[in-house]
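*Asks:* one predicted model, sequence on top.
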Amino acid sequence: MNEKPLIYKGRAASSNLVSRFDPHTRESLDDGWGSLDEEAPPLRTEVMLDASKSVINYIQSPDLPFDRTLNPYRGCEHGCIYCYARPTHAYLGMSPGLDFESRLLMKADAVALLKKELAHPKYQCKPIALGMNTDGYQPIEREYQLTRQIIQVLSEANHPFSLVTKSSLVERDIDLIAPMAAKRLTSIYVSITTLDRQVARRLEPRAAAPERRFETLRKLSEAGIPTGVMVAPVIPALTDCDMEQILEKAHAAGARKAGYVFLRLPHELSDLFEQWLQQYFPLKASHVMSIVKQSRGGKAYQSGFGQRMRGEGIFADLLAHRFKLSCHKLGMSGERTGFCTDLLSVPAAWQATANHPQLALF
């Protein structure tokens, strides 16, 4: 599909690429009035209600150090072009492109559902990874405060959690997070992809600037909160050169844990990312994708466990070696352990709500 790129300030995607479930494709045509040459109209963020009936997602993946996640929102206004969650918007009948970063869903019942699930008699306490699909501290969180309300619930129940964010908005909730950290109930990771401000502006247009994220790490660490840095994703020939410096600066800011993820391009994301490369880095586009495919068995992506996060081949092995050497030099660990899981105490009011039988209609 040769659709004209849609250039919106503060948006990374340049099209509303149809999803893999859509039986039809769309193509822009000139109607004779020069409509294709007109500037794109303003793209405003639309927030809809999510009708989910549960909020804790249980997963089974040997690649991940947790077995459950909780995502307050679907879609993400940060608009990171590389986001592996983009293809999930296809399940909602929307595009992984511009729709993903402008048509968002919020789980208005998240707090009530979480209380109900934690109060279930068979619930077993293990750390919840908060906002693993889309960032819990994306811009709309300033208004809706769902992530803060969820952390408040976890705090009241002494339930452990971790989260990864690229937003400085997490600083707002230090008053909730720091007391939990004192009980070994939490750790916070900040995702930093590049040190180049201009590259970051194009990669992740509505996320905090790189230097601002290091300041967030510093403030969290000074508050006694265990912190880590995620160098994610690592984009070959574009951002991989910053890995060592990111780790060093994060360590200086107080981070003692670290992780990285090699660029993942599942489903529609491959085409979206290539469009982005051709738009902003045309001279590097073929080189970047060549290394990606060399590291993915000749494809844009591998979904197999053990490979999807790290890749394979010479470049992937070198990247893993560089990361290991840097972490060893700095004394940074890659383990997400040390959470206390035996303090869970569900308030009686939650239990009463969870166990209250539904009245019969007749």
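*Replies:* Received the coordinates, thanks. Numbers count the residues shown, from 1 in each chain.
*Asks:* all contacts plus neighbour counts: C-alpha atoms, from now on.
*Replies:* Fine.
*Asks:* return, as residue ranges, the portions of this structure with sub-threshold pLDDT.
*Replies:* 1-6, 23-41, 336-337, 352-362 (pLDDT under 70).
*Asks:* for it, just list every one of the strands.
*Replies:* Using DSSP state E, the strands of the chain run over 46-49, 56-58, 68-70, 73-74, 103-106, 128-130, 161-165, 186-191, 227-234, 257-262.
*Asks:* show me how far the last one is from its chain's centre.
*Replies:* The one in question is strand 257-262. Strand 257-262 has its C-alpha centroid displaced from the chain centroid by 13 Å (C-alpha atoms, centre = their mean, to the nearest Å).
*Asks:* and that strand with strand 227-234, angle?
*Replies:* Put simply, strand 257-262 runs at 10 degrees to strand 227-234, going by axes from the mean of the first three to the mean of the last three C-alpha atoms, to 10 degrees.
*Asks:* tell me the angle of strand 257-262 relative to strand 186-191?
*Replies:* Using the same axes, to 10 degrees: strand 257-262 against strand 186-191 is 40 degrees.
*Asks:* and strand 257-262, what's buried?
*Replies:* Buried residues in strand 257-262, counted by 16 or more other C-alpha atoms under 10 Å: 257-262.
*Asks:* dump these to a markdown table, plus distance to residue 59.
*Replies:* Converted to a markdown table, the buried residues of strand 257-262 look like this (distance: C-alpha to C-alpha, whole Å):
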| residue | distance to residue 59 |
| --- | --- |
| 257 | 23 |
| 258 | 22 |
| 259 | 20 |
| 260 | 20 |
| 261 | 19 |
| 262 | 21 |
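*Asks:* of those residues, which is the nearest to residue 66?
*Replies:* Of all the buried residues of strand 257-262, residue 259 has the smallest distance to residue 66: 14.1 Å, by C-alpha to C-alpha.
*Asks:* leaving out the residues flanking it, which one is nearest to residue 308?
*Replies:* Of all residues not flanking residue 308 in the chain, residue 302 sits nearest, at 5.5 Å (C-alpha to C-alpha, 6 or more residues apart in numbering).
*Asks:* for residue 58, see how far away that neighbour is.
*Replies:* Note on residue 302: its distance to residue 58, by C-alpha to C-alpha, to the nearest Å, is 22 Å.
*Asks:* do residue 350 as well
*Replies:* To residue 58, residue 350 is 21 Å away according to C-alpha to C-alpha.
*Asks:* and these two? Which one has more around it.
*Replies:* Set residue 350 next to residue 58 and count neighbours by other C-alpha atoms under 10 Å: residue 350 wins out with 19 against 12.
*Asks:* what sits against the more buried one?
*Replies:* For residue 350, the contact set (C-alpha atoms under 8 Å, 6 or more residues apart in numbering) comprises 115-116, 119.
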